[in-house]
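# Quick check, what structure comes out for this input:
(one chain, ligands or ions: 1)
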Amino acid sequence: MHDRTVKVVAITGASSGIGEATARRLAADGHRLFLGARRTDRLERLVTEITAAGGTAATRRLDVTGAADVRDFVAAAEERYGRVDVMVNNAGVMPLSPLEALRTEE
Ligand SMILES: NC(=O)c1ccc[n+]([C@@H]2O[C@H](COP(=O)([O-])OP(=O)(O)OC[C@H]3O[C@@H](n4cnc5c(N)ncnc54)[C@H](OP(=O)(O)O)[C@@H]3O)[C@@H](O)[C@H]2O)c1
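Modelled structure (predicted):
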């Protein structure tokens, strides 16, 4: 049995802004993170900082405009940690549509 109070959290758009801040906070709270975005230099710096502080984080380049890339990102997180408990779909810009419309190309 694993400790269900420790979550495996995949965060898209973790290289800056809200995603980066969320990663720092969740890492400080002891959760295990898998971080994606296009600017891998920033992600790698963040992972280095988190692990130096005793946290657990890994990264993979991710472009959320490709559905296959998002699937591969989640699969890589599952491979790394054995599961994904929480997906923080933070990356992106601002066009709005109903979730049920599944406009993934946006
Ligand atoms: N700030 C606000 O007031 C506000 C309000 C409402 C909603 N939001 C939403 O909250 C989210 C984060 O906003 P923020 O203010 O933190 O913006 P931000 O600092 O510009 O961060 C956006 C993040 O998304 C990533 N990203 C953008 N396009 C991507 C793509 N195609 N594939 C993968 N990652 C991508 C960026 O990383 P890379 O460039 O490295 O890929 C970056 O890490 C956005 O979805 C935004 O629409 C923000």
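# Give me the below-cutoff pLDDT ranges for the protein.
1-3 (pLDDT under 70).
# State the number of residues packed around the residue in it positioned nearest to the ligand.
Nearest residue of the chain to the ligand: G17, at 2.1 Å (Cβ to the nearest ligand atom). Glycine gets a C-beta too; all of them are placed from N, C-alpha and C. Close neighbours of G17, defined as other Cβ atoms under 10 Å, add up to 11.
# what about the helices in the chain?
Ranges of helices within the chain are 17-28, 40-52, 67-81, based on DSSP state H.
# on contacts alone, who are the packing partners of the shortest one?
Counting contacts by 3 or more Cβ pairs under 8 Å, 6 or more residues apart in numbering; DSSP states H and E, the secondary-structure elements packed against helix 17-28 are strand 8-12, strand 32-37, helix 40-52, strand 56-61.
# can you give me how far that helix is from the chain middle?
10 Å (Cα atoms, centre = their mean, to the nearest Å).
# Count the neighbours of A75 for me.
Counted with other Cβ under 10 Å, A75 comes out at 12.
# check contacts around it.
By Cβ atoms under 8 Å, 6 or more residues apart in numbering, the contact set of A75 is empty.
# if we go to 10 Å?
A75 is in contact with R60, V84, counting by Cβ atoms under 10 Å, 6 or more residues apart in numbering.
# what about it, distance to G13?
With the distance defined as Cβ to Cβ, to the nearest Å, A75 ends up 19 Å from G13.
# same check, this time on E20
On the measure of Cβ to Cβ, E20 and G13 end up 8 Å apart.
# quick one: which of the two has more around it?
Neighbour tally, E20 and G13, criterion other Cβ under 10 Å: the higher count belongs to G13, 23 against 19.
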